[in-house]
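Chemist: Sequence first, then the predicted structure:
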There are 4 protein chains.
Amino acid sequence: MPVYPPIPPLPAPATEVGDDRFHEECGVFGIIGEPDAAAKTAFGLHALQHRGQEAAGICSFDGEHFHSHRGIGHVSRVFKSDKVINRLPGTSAIGHNRYSTSGDTVLRNVQPFYADLAFGGVAIAHNGNLTNAVTLRQRLVGEGSIFSSTSDTEVIVHLIARAAASSVEDRLIEAMRQVEGAYSLVALTAQGLVGMRDPFGIRPLVLGRQGGAMILASETCALDIIGAEYVRDIAPGEMIVIDRAGEIRSLQPFPPQQRQFCVFEYIYFARPDSVCEGLSVYGARKAIGRELALESHLPVDVVVPVPDSGVPAALGYAEESGVPFEFGIIRNHYVGRTFIQPTQKTRDLGVKRKHNANPAIVKDKRVLLVDDSIVRGTTSIKIVDMVRQAGAREVHMRISSPPTAWPCYYGIDTPERDRLLAARYDLDAMRDLLGVDSLHYISLDGLYRAVGEPGRDPGAHRFCDACFTGDYHQPLTDRDSGPGPEQLSLLTEKRK
Amino acid sequence: MPVYPPIPPLPAPATEVGDDRFHEECGVFGIIGEPDAAAKTAFGLHALQHRGQEAAGICSFDGEHFHSHRGIGHVSRVFKSDKVINRLPGTSAIGHNRYSTSGDTVLRNVQPFYADLAFGGVAIAHNGNLTNAVTLRQRLVGEGSIFSSTSDTEVIVHLIARAAASSVEDRLIEAMRQVEGAYSLVALTAQGLVGMRDPFGIRPLVLGRQGGAMILASETCALDIIGAEYVRDIAPGEMIVIDRAGEIRSLQPFPPQQRQFCVFEYIYFARPDSVCEGLSVYGARKAIGRELALESHLPVDVVVPVPDSGVPAALGYAEESGVPFEFGIIRNHYVGRTFIQPTQKTRDLGVKRKHNANPAIVKDKRVLLVDDSIVRGTTSIKIVDMVRQAGAREVHMRISSPPTAWPCYYGIDTPERDRLLAARYDLDAMRDLLGVDSLHYISLDGLYRAVGEPGRDPGAHRFCDACFTGDYHQPLTDRDSGPGPEQLSLLTEKRK
Amino acid sequence: MPVYPPIPPLPAPATEVGDDRFHEECGVFGIIGEPDAAAKTAFGLHALQHRGQEAAGICSFDGEHFHSHRGIGHVSRVFKSDKVINRLPGTSAIGHNRYSTSGDTVLRNVQPFYADLAFGGVAIAHNGNLTNAVTLRQRLVGEGSIFSSTSDTEVIVHLIARAAASSVEDRLIEAMRQVEGAYSLVALTAQGLVGMRDPFGIRPLVLGRQGGAMILASETCALDIIGAEYVRDIAPGEMIVIDRAGEIRSLQPFPPQQRQFCVFEYIYFARPDSVCEGLSVYGARKAIGRELALESHLPVDVVVPVPDSGVPAALGYAEESGVPFEFGIIRNHYVGRTFIQPTQKTRDLGVKRKHNANPAIVKDKRVLLVDDSIVRGTTSIKIVDMVRQAGAREVHMRISSPPTAWPCYYGIDTPERDRLLAARYDLDAMRDLLGVDSLHYISLDGLYRAVGEPGRDPGAHRFCDACFTGDYHQPLTDRDSGPGPEQLSLLTEKRK
Amino acid sequence: MPVYPPIPPLPAPATEVGDDRFHEECGVFGIIGEPDAAAKTAFGLHALQHRGQEAAGICSFDGEHFHSHRGIGHVSRVFKSDKVINRLPGTSAIGHNRYSTSGDTVLRNVQPFYADLAFGGVAIAHNGNLTNAVTLRQRLVGEGSIFSSTSDTEVIVHLIARAAASSVEDRLIEAMRQVEGAYSLVALTAQGLVGMRDPFGIRPLVLGRQGGAMILASETCALDIIGAEYVRDIAPGEMIVIDRAGEIRSLQPFPPQQRQFCVFEYIYFARPDSVCEGLSVYGARKAIGRELALESHLPVDVVVPVPDSGVPAALGYAEESGVPFEFGIIRNHYVGRTFIQPTQKTRDLGVKRKHNANPAIVKDKRVLLVDDSIVRGTTSIKIVDMVRQAGAREVHMRISSPPTAWPCYYGIDTPERDRLLAARYDLDAMRDLLGVDSLHYISLDGLYRAVGEPGRDPGAHRFCDACFTGDYHQPLTDRDSGPGPEQLSLLTEKRK
């Protein structure tokens, strides 16, 4: 067996199975014309919890004052009581789930970000990442602006505060024309609710309706939870303005661009019951599984998903291949955030806290595992080992994404390139490192086929696939010329 | 449509999907001859978390002193830090997960129960329910014993304290001969570790080994998590004594009885990756699904499990029937204990906090739902309604247990009889109340076939099925003649 | 200057000024015939907070059930909300403040101690210390009793549970006849409220009345706070029984003994506004100050109390001597329990957290400090040093108690003998160690004169003064022959 | 007896004795050249705790980064652990105690206020109140500034951020020249430590030294606690700049003004062991007591202070009059923030939670009470009643301040005018309302004599006495023409 350079160790705290994934950064929700605006927003954020688990916040407007409540933790913890919701009166509200990619998770960084401006209050929440935020921030500080957070969102608000235009709407357009990167944004003002998607449409944003109320949300599952109906996706570069009378206007303040929706939303980020840009996420995942079977099938006894993200692709694979689908790995539903640190002796028990191989299924079998991605590889190694210890005769691995070899700058938390397994090893090396009998990733063309394209058109591909290809369509100003984000603030204040 | 008496409403707090089930009461774990005894016990309890989520405790013995830590909440919360584990030194330990069926969940009721007796300390934890506990307690109080809890376990310890025999072992036997009901018990003394199963073998208890350490646990998944090997099940009525030198003795202090293992362990309680009395739980569930298909199949488009307990039976049903298996109901993984109370308008959103119908799967389809049981029916009604709202053309329901019409007195938390749907309505009425196009429960004989019997032998059935049949094999002294448990204590002290 | 053996260091956590004192162990309160029984008890305990700050508890009886709430911390924290009080309904209640002298401060040790006995419930709280508690406990465990705490109070309850007599009253008498040591006890049963004082009358207990309600309390200040009137002191050895109809009976179950009221109650423990056995505590302290001046006056410029306990004696000294009384040491009212641990550099700042010398008063002056006692001496040294650093020309020290050279076994927390400064050094040595220009303790006869006696009659002294004389009147069974209290339990369970 | 209009009731929560006072708003502390800068600052703030108890914060600078920790509560709670202090490295630091007069006590309002400006970081903490803060804030928001708090301090920082000057020093001067009102300010920059006092010198600020470290503090008691020596008071209008090399420069950026030190610092705010502008606070209070006796003495038996603020004046009164000084009211040291709300029956017990009349002192006596001030009068009425109930034959009241009839706009929390007793009633009416036999306030001239003046010179009085006279020397721009502070923010966000 050849000798490979070692896999870099995971950073200390991330020893758990399931942490070895890309992480979505945020979910947004907005509603107007609804007497229970804050409660509905809390439910919407709850449905979007998978997009960000570190913090949550809601800002409402009651016709006179804005009301805000933000906190660290899951939505159901931050908004656990009626008392909290009752402090958020009004018929319009926006909300946000946070997974931090930039800025510490201290309370002042939790969105929505609110500011009193000369013309009134404005609250903003966004999903995405600005690629020139640090550069803009330096310019603004030089002009006398004072920042109270290190989040991108505050940059947008300062741009609005200093804009020359007189209407809120025009000020927001003026601000967003200075901004680069990916964003799906909701804003709340005394006039109404605003939604915007960046010109490339990288992150999702949909419009819904429930009776007289209009809703903006990252995914359709946030419409389902409150029983609202899906109207349409916000278009790339579109700005939609809903006033308090319910009137809707659609603006197109940016020049048109090649659509670049993030294909990883289909692979892993979005909830399986959501429909993104017209395509069922669950259906797309099953289709990828079918493509995987077509590309790489070989004789095995059982198809086993790595819970829970590998399940639809494994079902698709099993259907296409005719091999039985079985839950050969059982997930423990009671895994909390913290637990005793294993001593030397119990160190290897970590993986089993979350999963257990089901010996009745895998013993003496040729097992084909299906997972959605391999980021650093550390937990895949442990899962393969666990399945072998439970008696599997062969272990094969199928991955429902192409190799992830490039970091994302558009709102997904990815490791540095030198920590990505696929950036450092070829397929044979990865197969040996994982200890599997065979390893196959879906091909780029296979992936495009699964989401309804004839294949990937290198000149005009409809999806952002930079994490597989390094093909970045948006400028990366801060990365290329800007100061490091570590210079954003001279202050440390940990516990806020 | 006929008019039926109304379903009694759920008690106020239990408004969530998934709460409308029977609840297992406890899991036990014991280990001896292991330097990391307390840490391994914590991992074992974590694997048994599904058997009781209200409280957890561990008691260890270091050769001189006993050390105990107990707390309210999940295992990973009660034992969240190394600091806690380090306060539990020693090479032997027992642990317990609690779901209270009798006694408030105050800290003094959390097991293991420890007492300093004249001959030394003893700690006891048990899974089950004593059916003459109140009667015994009254006798003991009359003799001058003072109880510090309202848990059954303390009755056992007082019986030991007052026993005439001289050895701990004989005192324990003397105590257990006075006790009626179901129990699987682990005890820790200065001499060693003891395990006992009631003469009918109602609750499970298995023996494992890992190097020089011996282990007792409610289920094999608690052996898997620490990498221990399964040795055998403790036999009904067996008392197993493992001393600190590792020597094992097996005693049979009771007259032999007809084996009565709880069949609901296969249907719902046990973890799918466990093997109970030689039979894979996952396999048994799939077999029930297959029997269901044989008994009741009709033309549908898709087989959809009610997550998560209906999944293996649905897989079995789909295999047997040839109908595609799909995740037509998506479970939200981020459901916490508390959340805002819905107002009038948002009241019906409760069910959607936990689940969402996947419209891509169920829309315009004939859907067959598979669930493990119906207790009060309230949440089944909501799930059916949710699936219909998502566009299903037909909704059929298959249940992988017979109708549950009788309360359990042997360690399972069941509602009073008049709250059990199947005790008040016949099949047609239930079908109408649930709003399904067809409803079928597995037959008693089908259930016995699925777990390896030719059918149910009314004279000598191998399993306790009293919750379906009312056929109670153990005496119910407290129920028939004893005082109510509400007279156990004149004291109320809520927050402890 | 002669060389003295070093003062033993204080135990680690007790680095604060003011901790270098004897500590009272408990305060008790009971009330019957009062609709707001629990609220009045909480106020009474609040007035008795100085007698014990570690924990507090109240047990009430509503005619049918007993209700208990106990917690760690001050009364105002344990009973901070109406909600807690409302969980304690009934017209009779007893309460307790704890300063632990034996038994860990875990919740199970917090009084009142409640038990369901064969004849009904009984709750007991006591102030004092049983000198044969360990011996009794061992006997009871040998007979099959199970203890749930390590507190003395539980011993009393077990003796009641096993008593042969039939009435609660006779059972209590039977129990207390087996007990040795000091106690003032309140008990609550379904029949009524009971108060008892040990035959020597070491600890205080008074009877009060408010409308139709009767009250028992450690001190009269607990009557004042609720506006009740003082009736009389409970006599040594008296048992007073108040039934629910308000009828009072007085019993004398013990043979008469020489009265031995703790003289330290006058010196330090009792609140200055209380009246103990007919004598104002404030008046007694001023009288001691006057005796001190008569015994030891010399020319100084200012009399300065060490706050706050030295204040009345300093006033008395100033009045008798004609020297101005001034607050030369200022107390910081905002001292909390914990604070940053000083580094090497800031280590000496500890004393200044609590007090500061007032330079305007002490600079260039001959200062006479008055304090109530010196236990280990460590903080006195720091205070003297602080006053000198503020510019005092001379520093003299007067102590309003005789030298404390013997430990107390009757309910006061005192260090071991070899840690008591006065047990190891003579007056000259102490003067040199403290760094004062002169040092004088009140004489024993002077102390007796101040509390109304002609002097101390060695054969028949009216007060317990064992901490000054080693003259113990009650047997010390556990100390002389019993096992150590460390053998009370084989269990450690820290956080309860 | 005449009929008077009723005293307006206290706002709901302020039912406690001692809350019926004026409240100081803040204390500040700064240090440079000290390895333990943050620890020393925490001790200094602890000594200044009486100036503000709602929140505390420290900001340190380690030569590269600023570090901040702020929290709600007392200093000893916010900085309770070494861990917190260790997160504040560096040899310079500033700190602040807050009592909010403007701005909610939410964390974002807690000082020091820090901002990253174009030239580096700056942290500011101040004691006082800006009388044109709202006006300035509106101007800044109009120019595009975004405020993250509602505190005055942020206004100063925005003025610095937008200043035209290039050096930090000049920017600070430029900012402060736009500001009106009272302030004593400390600022921390990468260059060093800055202290400023407003041109009228209303609030105190002193300079101290300890070895190579230089210190700024509101009062000398903060120097005493760390053993530092007092150097001098910062002069009115002075700006003192201490660089990291220890070099000190004194600037006078403002035109000179008539000195207007707040005379209430002597009466109540400052700690008795502090020396303000050369005069001992304790000495000043005793002198006021002596003046009171000269102005108003009549035959009584005992002089009793209302604890604790009346003590020095009562001592002075007793010395001058020759009447014995006694502690006739005992203060309970264990009063916490919250406690059970009294029911109808126990409502009057509130006052006794904090104090008890000592019957041994007041019974059958002519009692003269000395207190520092009467704000609304509600608690004075209760105290007088308590003393009468304890048996006093006569009760006289002497107040060591003139009648407080005007609100303070310079940093003290005072009620609106119509809630001030002395603004609504004349002396006879107040005497009758309080229920005393005689009532006397110190005269304005008597007060000036006590603090070393010949009397009050109406044309050039050295002290700010606006709360007695309504004679405001600083402009009140916001009050006279500005918007209400309630318009500062459109946002409510309570729990931060």
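Modeler: Ah, there it is. As the structure is a computational prediction, the values presented were derived from the model and not from experiment.

Chemist: residues near A:P255, how many?
Modeler: 7 (other CB atoms under 10 Å in any protein chain shown). Every residue, glycine included, has its C-beta placed from N, CA and C.

Chemist: try A:R388
Modeler: Using other CB under 10 Å: A:R388 sits among 17 other residues.

Chemist: Equivalent analysis for A:V384, please.
Modeler: Neighbours of A:V384 (other CB under 10 Å): 23.

Chemist: Next, the distance between the ends of stretch A:28-46.
Modeler: 11 Å (CA to CA, to the nearest Å).

Chemist: ok, and for it, which residues are buried?
Modeler: A:28-34, A:36-46 (16 or more other CB atoms under 10 Å in any protein chain shown).

Chemist: With stretch A:195-212 instead?
Modeler: Those would be A:195-210, for stretch A:195-212 by 16+ other CB under 10 Å.

Chemist: And stretch A:52-65, by the same measure?
Modeler: Those would be A:52-62, for stretch A:52-65 by 16+ other CB under 10 Å.

Chemist: Pairing-wise in the sheet, spell out the partners of A:L185.
Modeler: Beta bridges link A:L185 to A:H126, A:M196, judged by DSSP bridges.

Chemist: Show only the entries of the buried residues of stretch A:195-212 found in strands.
Modeler: A:195-197, A:206-210 (DSSP state E).

Chemist: Switch those residues over to a markdown table; also include distance to B:P359 and pLDDT.
Modeler: Output for these, formatted as a markdown table (distance: CB to CB, whole Å; pLDDT from 0 to 100):
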| residue | distance to B:P359 | pLDDT |
| --- | --- | --- |
| A:G195 | 23 | 98 |
| A:M196 | 27 | 98 |
| A:R197 | 23 | 97 |
| A:V206 | 14 | 98 |
| A:L207 | 17 | 98 |
| A:G208 | 13 | 98 |
| A:R209 | 16 | 97 |
| A:Q210 | 16 | 95 |
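
Chemist: Serialize the residues you listed to TSV and add fields for distance to B:R366.
Modeler: Below are these laid out as TSV (distance: CB to CB, whole Å):
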residue	distance to B:R366
A:G195	38
A:M196	42
A:R197	38
A:V206	29
A:L207	32
A:G208	28
A:R209	29
A:Q210	28
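
Chemist: Relative to D:E219, which of these is nearest.
Modeler: A:M196 (54.0 Å; CB to CB).

Chemist: Compute the distance between that closest one and chain D, please.
Modeler: In this view, A:M196 and chain D are 20 Å apart by CB to the nearest CB, to the nearest Å.

Chemist: check contacts around A:R98.
Modeler: Counting by CB atoms under 8 Å, 6 or more residues apart in numbering or on different chains, A:R98 touches A:25-26, A:52, A:54-57, A:105, A:109-111.

Chemist: Report the lowest-confidence entry in those residues.
Modeler: On pLDDT alone, A:T105 ranks lowest of the contacts of A:R98, at 50.

Chemist: can you give me the helices for the stretch 351-496 of chain A?
Modeler: A:359-362, A:378-389, A:421-424, A:427-434, A:444-450, A:466-469, A:477-480 (DSSP state H, counting those that start in this stretch).

Chemist: got the buried residues for the second one?
Modeler: Residues of helix A:378-389 classed as buried under the neighbour-count rule (16+ other CB under 10 Å) are A:378-388.

Chemist: Same check on the last one?
Modeler: The neighbour-count check on helix A:477-480 (16+ other CB under 10 Å) flags A:477-478 as buried.

Chemist: tell me which strands and helices that helix is in contact with?
Modeler: helix A:133-142 (3 or more CB pairs under 8 Å, 6 or more residues apart in numbering or on different chains; DSSP states H and E).

Chemist: residues of the helix it packs on that come out buried?
Modeler: For helix A:133-142, by 16+ other CB under 10 Å, it's A:133-141.

Chemist: Of those, which ones also sit close to chain C?
Modeler: When those are checked against chain C using CB under 8 Å from any CB of the partner chain, none falls in range.

Chemist: how about the helices of the stretch 351-496 of chain A in TSV, adding mean pLDDT and distance to D:A228?
Modeler: Listed next are the helices of the stretch 351-496 of chain A as TSV, based on pLDDT from 0 to 100; distance: least, CB to CB, whole Å:
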stretch	mean pLDDT	distance to D:A228
helix A:359-362	94	71
helix A:378-389	92	54
helix A:421-424	90	58
helix A:427-434	95	62
helix A:444-450	97	70
helix A:466-469	95	59
helix A:477-480	85	47
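
Chemist: Let's test this: mean pLDDT of the lengthiest helix in chain A, rounded?
Modeler: Using DSSP state H to assign secondary structure, the helix with the most residues in chain A is helix A:281-296. Helix A:281-296 comes out with an average pLDDT of 97.

Chemist: repeat for stretch A:37-49
Modeler: For stretch A:37-49, the per-residue pLDDT averages 95.

Chemist: now do stretch A:410-418
Modeler: 82.

Chemist: Okay, now stretch A:434-442: how far is its last residue from its first?
Modeler: Start-to-end, stretch A:434-442 (CA to CA) is 17 Å.

Chemist: for stretch A:456-476, same thing?
Modeler: 24 Å.

Chemist: next one: it to chain centre, how far?
Modeler: Centroid displacement of stretch A:456-476 relative to its chain, using CA atoms, centre = their mean, to the nearest Å, is 18 Å.
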